[in-house]
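Q: next comes the sequence, and after it the predicted model I'd like to discuss.
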Amino acid sequence: MTKTIVSDGSLPNIPWEPRPAGSSDIVWRFSKNPVIPRHASPTADSIYNSAVVPFKGGFAGVFRCDDRARNMTLRVGKSRDGVNFEISDNRLEFHSEEPEIGKFLEGYDPRVVPLDGRYYVIWCNNYHGYTIGLGWTEDFEHFNQLENVFLPFNRNGVLFPRKIGGEYLMMSRPSYAGHTPFGDIFISHSKDLTYWGKHRHVMGPKKDGGLVNWQMTKIGAGPYPIETREGWLLFYHGVLTTCNGFTYSMGAALLDLEKPWQVRYRTRPYLLTPETLYENVGNTQNVLFPCAALTDSDSGRIALYYGAADTCTGMAFCQVDELLDYLKNNSDV
């Protein structure tokens, strides 16, 4: 049998829970959510929008931990099973050859991408305004910081897990000093992870002729793209502006393998939207923000980590073939 997921290989210990009886959802929640509560570290106010990868038979990651002064910090976490995590009480420190960029005020919403034998960390870095920070580790003990990827202002930096056409590719969402008006995803190219260019537009919010929908205000890339036989599977968040503020939901798109700025399919309905107490109520109401995905190529299973209400971390599951079929039948591209 030909495997659908081709990028990440076998992961027999992937966290998993079957779809609940009677449910027809394509993506379903873990029954023991929130998987990482807000006080998993006693010095944390909240732990969310974080990134997890397989590491040495278990799992490791970089976590957004807002401390009890509400400073946004990055911390390391490790787990044997991908469910029960030990989160450091101390801020992650990067080593940099350039002292000017090695000291930053705050960092948030990290992604971790295995590539070329390293684990690259991408995060929203405050360097004279919010931009995309980039660093790497081999052991989740020592971290090295590279040059910031873009000028301020930018968010949702996501590195592809392999080179395409001999170049590194990074997704981002250019922004400005405020919060919302810019909402489109772009891809940028680099030969050396320092100088970035050849920018390509991927997709933007869905306006639908002014009709209200779940991704009409802005969108942003979530976990790093999953390579499948049919294209790059991208989970992303979409935002709706309502009379009660913003609502963040999760969707998915399938991008072309060789030219991933070309979108083949994109979900018209959301896959998950805030519906539970821990997603609806917290530091920020009505937020479901995907940041990490684990995959097992043998079973086609995908486990997703997402931030809930900017407070804690939830987990959800899906099967890749079911999701791809759903994408094809519920796309408006």
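A: Ah, there it is.

Q: which residues in the stretch 201-333 of the chain form strands?
A: 218-221, 226-228, 231-242, 245-255, 263-266, 288-296, 301-308, 312-319 (DSSP state E, counting those that start in this stretch).

Q: can you check which of these gets nearest to H39?
A: Nearest to H39 among the strands of the stretch 201-333 of the chain is strand 312-319; the distance by C-beta to C-beta comes to 9.0 Å. Just so you know, the C-beta spots here come from the backbone N, C-alpha and C atoms, and that holds for glycine as well.

Q: show me what contacts the closest residue to A309 other than its chain neighbours?
A: Nearest-residue entry for A309: G282, 2.7 Å, with adjacent residues in sequence omitted and distances by C-beta to C-beta, 6 or more residues apart in numbering. Shown in contact with G282 (C-beta atoms under 8 Å, 6 or more residues apart in numbering): R38, S46, A308, A309, D310, T311, C312.

Q: could you report the pLDDT at the first one?
A: Looking back up the chat, that one is R38. With respect to pLDDT, R38 scores 97.

Q: cool, the fourth one as well?
A: Reported pLDDT at A309 in the predicted model: 98.

Q: in the protein, which residue is closest to the centre?
A: C291 (2.3 Å; C-alpha atoms, centre = their mean).

Q: any idea how far it is from N156?
A: According to C-beta to C-beta, to the nearest Å, C291 and N156 sit 10 Å apart.

Q: could you list the buried residues of the worst-scoring helix or strand of the chain on mean pLDDT?
A: Counting by mean pLDDT, DSSP states H and E, the weakest-scoring helix or strand in the chain turns out to be helix 99-102, with a mean of 80. Using 16 or more other C-beta atoms under 10 Å as the test for burial, helix 99-102 gives I101.

Q: hmm, who's touching the next helix or strand after it?
A: Sequence-wise, the next helix or strand downstream of helix 99-102 (DSSP states H and E) is strand 107-115. By C-beta under 8 Å, 6+ apart, the residues outside strand 107-115 that reach it are 49-53, 61-64, 72-74, 119-126, 133, 155-162, 223-224, 289, 291-292.

Q: I'd like the next helix or strand past strand 107-115.
A: Following strand 107-115 in sequence order, the next helix or strand is strand 118-126 (DSSP H and E).

Q: centre of the chain to that next one, how far?
A: Counting by C-alpha atoms, centre = their mean, to the nearest Å, strand 118-126 is centred 11 Å from the centre of its parent chain.

Q: repeat that for stretch 25-38.
A: Remark: stretch 25-38 is offset 16 Å from the chain centroid, using C-alpha atoms, centre = their mean.

Q: flag every buried residue along that stretch.
A: I26, V27, W28, R29, F30, N33, P34, V35, I36, R38.

Q: ok, which stretches of the protein are helices?
A: Counting by DSSP state H, the chain has helices at residues 99-102, 277-280, 320-329.

Q: packing partners of the last one?
A: In this case it means helix 320-329. strand 226-228, strand 231-242, strand 245-255, strand 263-266, strand 301-308 (3 or more C-beta pairs under 8 Å, 6 or more residues apart in numbering; DSSP states H and E).

Q: between those, which gets nearest to P174?
A: Short answer: strand 231-242, nearest of the helices and strands packed on helix 320-329 by C-beta to C-beta, at 15.4 Å.

Q: what is the mean pLDDT for that closest one?
A: pLDDT averaged over strand 231-242 gives 96.

Q: so what strands line up beside it?
A: Strand 231-242 sits in its sheet next to strand 218-221 (antiparallel), strand 226-228 (antiparallel), strand 245-255 (antiparallel), going by DSSP bridges.

Q: which regions of this structure lie under the pLDDT threshold?
A: 1-2, 179-180 (pLDDT under 70).

Q: try 90
A: Residue ranges of the chain with pLDDT under 90: 1-3, 7-9, 97-106, 176-182, 207-212, 242-244, 332-333.

Q: next, P223: phi, psi?
A: Dihedral angles of P223 (phi, psi; degrees, to the nearest 10) stand at phi -60, psi 160.

Q: all further residue positions should be reported with the first residue as 59.
A: Got it, first residue is 59 now, which makes that one P281.

Q: grab the nearest non-local neighbour of it.
A: P281 sits nearest to A351 (C-beta to C-beta, 6+ apart), 3.9 Å away.

Q: bridging residues for the one you found?
A: Beta-bridge partners of A351, counted by DSSP bridges, are L362.

Q: which ones are touching it?
A: A351 makes contact with G280, P281, Y282, I284, F293, I360, A361, L362, Y363 under the criterion C-beta under 8 Å, 6+ apart.

Q: what number of residues lie near A350?
A: By the criterion of other C-beta atoms under 10 Å, A350 has 27 neighbours.

Q: ok, now G255?
A: 9.

Q: how much space separates N341 from A367?
A: 6 Å.

Q: look at these two and report which has more neighbours.
A: A367 (26 against 15).

Q: do you know which of the helices of the chain lies nearest P70?
A: Across these, closest to P70 is helix 378-387 (C-beta to C-beta), at 15.9 Å.
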